[in-house]
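K.L.:
Turn this into a structure:
(one chain, ligands or ions: 1)
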Amino acid sequence: MQKVIVSLCLLAFVAPAMAQSQSQATEKVVVLHATHLLDVEAGALVSPGEVLVRGNRIVEAGRAVSRPTGAEVVDLGGATLMPGLIDVHVHLFLHPGAEDLQTVVESVPERVILAEQAAKADLMAGYTAERDMGTEGAGSADTAIRNAINKGIIPGPRMRISGNAVDILGGHEDANHFNPAQHISSNASYANNAAELVEVIRQQIKEGADFIKIYESGRDKLVEGRLQTPWQFTREQLQAAVAETARVGTTVGVHCTGEPGALWAAQAGVASIDHAYQLSPETMKLMHDKQIYAVPTFAIAEYFAEGAASIGTAESDTALQILHAAEFKKQLAAGVPIAVGSDVGPFPHGTQARELELMVQYGMPAADVLKADLLNGAKLLGWAGEIGQLKPGFLADVIAVDGNPLENISAVKAVRFVMKDGVVYRR
Ligand SMILES: [Zn+2]
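P.N.:
Predicted structure coming up:
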């Protein structure tokens with residue numbers, strides 16, 4: 001054992017030097033050229049648009065970049081170059097059709113294969129970074145997907161993963177009302193008090209989670225136009241969870257549709273409140289002051305409203321979406337920071353750019369939606385300064401879309417070129 005440790009230590013000194021000289025010799029240099037380039041911060045197009053990529057980094061970006069000898073020039077014609085899209089709420093381990101029963105019927109190995117396909121579909125649609133908000137019963141199997149992507153074994157976005165997510169006994173993600181004799185497992189890991197939360201968090205981080213997802217509310221009911229959603233963890237319990245993740249330098253994201261859970265989550269200092277259908281003025285102010293992101297997930301709600309199994313559910317899902325759209329305007333007015341997450345999985349992977357269309361439809365200007373997706377998404381994923389912009393020093397996550405996304409947000413659905421980490425995946 002000792003010998004192994006010594007030789008590993010030696011490698012650690014030698015390997016970077018070797019890697020550097022090797023990479024300088026083999027680093028690919030690519031010039032991307034198109035009619036436009038999106039300057040995300042300015043909310044404006046630069047025309048024409050060019051990006052110089054060396055290896056996995058952007059070296060230059062703007063109207064014209066230098067063209068080193070031997071550089072490959074990729075002419076993308078009338079397209080707009082922009083940073084790869086970011087989805088901060090996905091489920092690689094869910095697919096359409098089976099809805100909740102897929103987690104009962106399908107084995108974890110089967111679900112891993114489907115998750116691999118999902119990661120590829122998202123990448124090909126222009127998503128180069130994502131936050132996976134729970135495997136829903138596949139435990140920490142998402143570590144395998146993230147690691148395989150990072151090693152270049154399978155194509156997929158850069159991933160931040162949460163493992164199995166955390167829920168209470170009989171809670172929102174538990175397998176309730178089945179024949180008890182069948183012992184159907186929950187879609188999340190149980191915690192019922194602060195001590196159990198800390199223990200589950202430690203277990204999930206041990207198994208490879210990058211951050212922790214907690215179910216804080218559900219199931220939802222509309223009563224006389226107001227959302228009713230039972231809280232799952234108290235403020236004090238959420239504080240214990242946030243403290244434990246902070247101890248190891250990470251964060252908590254909550255599934256939370258409304259009050260009082262949303263206020264408690266904001267007070268506890270979570271990184272994001274996902275779904276966020278209805279927030280009190282006090283919660284909105286706290287989220288503004290503490291820069292806690294709301295993640296609307298309109299696309300999943302639309303999918304459920306349109307594809308609901310019964311007319312009764314479709315009606316209540318539609319009513320909930322109308323309420324959420326009205327509340328979203330209040331959240332924007334209150335200056336709640338917004339990140340873009342679609343909750344893709346129950347609807348087909350690779351189609352989630354619909355989320356950006358719905359955000360525009362519900363009152364957010366396209367330039368702000370793109371900032372929310374790219375700038376806030378990068379911050380929420382812990383990759384600020386690395387992704388979300390086409391600037392020197394940033395990682396080379398670049399896509400090209402047909403049309404001008406500032407004038408017509410639907411352009412983000414017309415992706416014709418995808419580069420991630422300097423590697424071209426779609427052309
Ligand atoms: Zn979700």
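
K.L.:
Only C-alpha atoms from now on, for both contacts and neighbour counts.
P.N.:
Will do.

K.L.:
Phi and psi next, for Ala240.
P.N.:
Backbone torsions for Ala240, taken as degrees, to the nearest 10, come to phi -60, psi -40.

K.L.:
Now do Pro96: how many residues are near it, please.
P.N.:
For Pro96, the neighbour count with other Cα atoms under 10 Å is 13.

K.L.:
Next up, the contacts around it.
P.N.:
Shown here is Pro96, whose contacts under the criterion Cα atoms under 8 Å, 6 or more residues apart in numbering are Gly345, Pro346, Phe347, Pro348.

K.L.:
tell me the SS of the residue nearest in space to the middle of the chain?
P.N.:
Central residue check for the chain by Cα atoms, centre = their mean: the C-alpha nearest the mean position is that of Val88, 1.9 Å away. State at Val88, reduced to three classes by DSSP: H, G, I helix; E, B strand; the rest coil: strand.

K.L.:
Please apply the same query to the one 5 residues further on.
P.N.:
At Phe93 the chain is in coil, as set by three-state DSSP.

K.L.:
rewinding a little: can I assume the residue nearest to the centre of the chain is in contact with Gly341?
P.N.:
Yes. Taking Cα atoms under 8 Å as the contact criterion, Val88 and Gly341 are neighbours in contact, 4.6 Å apart.

K.L.:
Find residues that contact each of the two.
P.N.:
By the contact definition Cα under 8 Å, 6+ apart, Val88 and Gly341 are jointly contacted by Val295.

K.L.:
on that earlier part again, pull the contacting residues for the residue nearest to the centre of the chain.
P.N.:
With contacts defined as Cα under 8 Å, 6+ apart, the neighbours of Val88 are Glu130, Arg131, Asp132, Val295, Ala339, Val340, Gly341, Ser342, Gly377, Leu380, Leu381.

K.L.:
TSV for the residues you listed, including secondary structure and distance to Gly84?
P.N.:
Output for the contacts of Val88, formatted as TSV (DSSP: H, G, I helix; E, B strand; the rest coil; distance: Cα to Cα, whole Å):
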residue	secondary structure	distance to Gly84
Glu130	strand	10
Arg131	strand	14
Asp132	strand	17
Val295	strand	19
Ala339	coil	15
Val340	coil	13
Gly341	coil	14
Ser342	coil	16
Gly377	helix	11
Leu380	helix	15
Leu381	coil	14
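
K.L.:
Could you single out the nearest of these to Pro83?
P.N.:
Distances from the contacts of Val88 to Pro83 were compared by Cα to Cα; the smallest belongs to Gly377, at 11.6 Å.

K.L.:
Would you mind measuring from the closest one to Phe328?
P.N.:
Relative to Phe328, Gly377 is positioned 18 Å away (criterion: Cα to Cα, to the nearest Å).

K.L.:
Glu60 now?
P.N.:
From Glu60 over to Phe328 (counting by Cα to Cα), the distance is 37 Å.

K.L.:
Those two: which has the busier surroundings?
P.N.:
Taking Glu60 and Phe328 together and counting by other Cα under 10 Å, Phe328 has the greater number of neighbours (24 against 20).

K.L.:
The more buried one in helix, strand or coil?
P.N.:
Reducing the assignment at Phe328 to three states with three-state DSSP gives helix.

K.L.:
Ok, Gln102 next?
P.N.:
Secondary structure for Gln102, judged by three-state DSSP, is helix.

K.L.:
Identify the residues contacting it.
P.N.:
Remark: with contacts taken as Cα under 8 Å, 6+ apart, Gln102 is in contact with Leu94.

K.L.:
Also Thr69?
P.N.:
By Cα under 8 Å, 6+ apart, Thr69 lies in contact with nothing.

K.L.:
Arg219: neighbouring residues, count only.
P.N.:
That count, for Arg219 with other Cα under 10 Å as the rule, works out to 13.

K.L.:
Next one: the residue nearest to the centre of the chain from Val295, what distance?
P.N.:
Distance check for Val88 against Val295: by Cα to Cα, it reads 8 Å.

K.L.:
what is in contact with those two at once?
P.N.:
Common neighbours of Val88 and Val295 are listed as Ala339, Val340, Gly341 (criterion: Cα under 8 Å, 6+ apart).

K.L.:
closest to Val401 among those?
P.N.:
Distance to Val401 across the shared contacts of Val88 and Val295 (Cα to Cα) is lowest for Val340, with 18.3 Å.

K.L.:
Next one: that closest one from Pro230, what distance?
P.N.:
Between Val340 and Pro230 the computed distance is 25 Å (Cα to Cα).

K.L.:
low-scoring stretches of the chain, by residue?
P.N.:
Within the chain, the set of residues satisfying pLDDT under 70 comprises 1-25, 98-100, 308-311.

K.L.:
Any chance of TSV for the contacts of Val88, columns distance to Ala138?
P.N.:
What follows is the contacts of Val88, written out as TSV (distance: Cα to Cα, whole Å):
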residue	distance to Ala138
Glu130	18
Arg131	16
Asp132	12
Val295	24
Ala339	26
Val340	25
Gly341	21
Ser342	20
Gly377	25
Leu380	24
Leu381	22
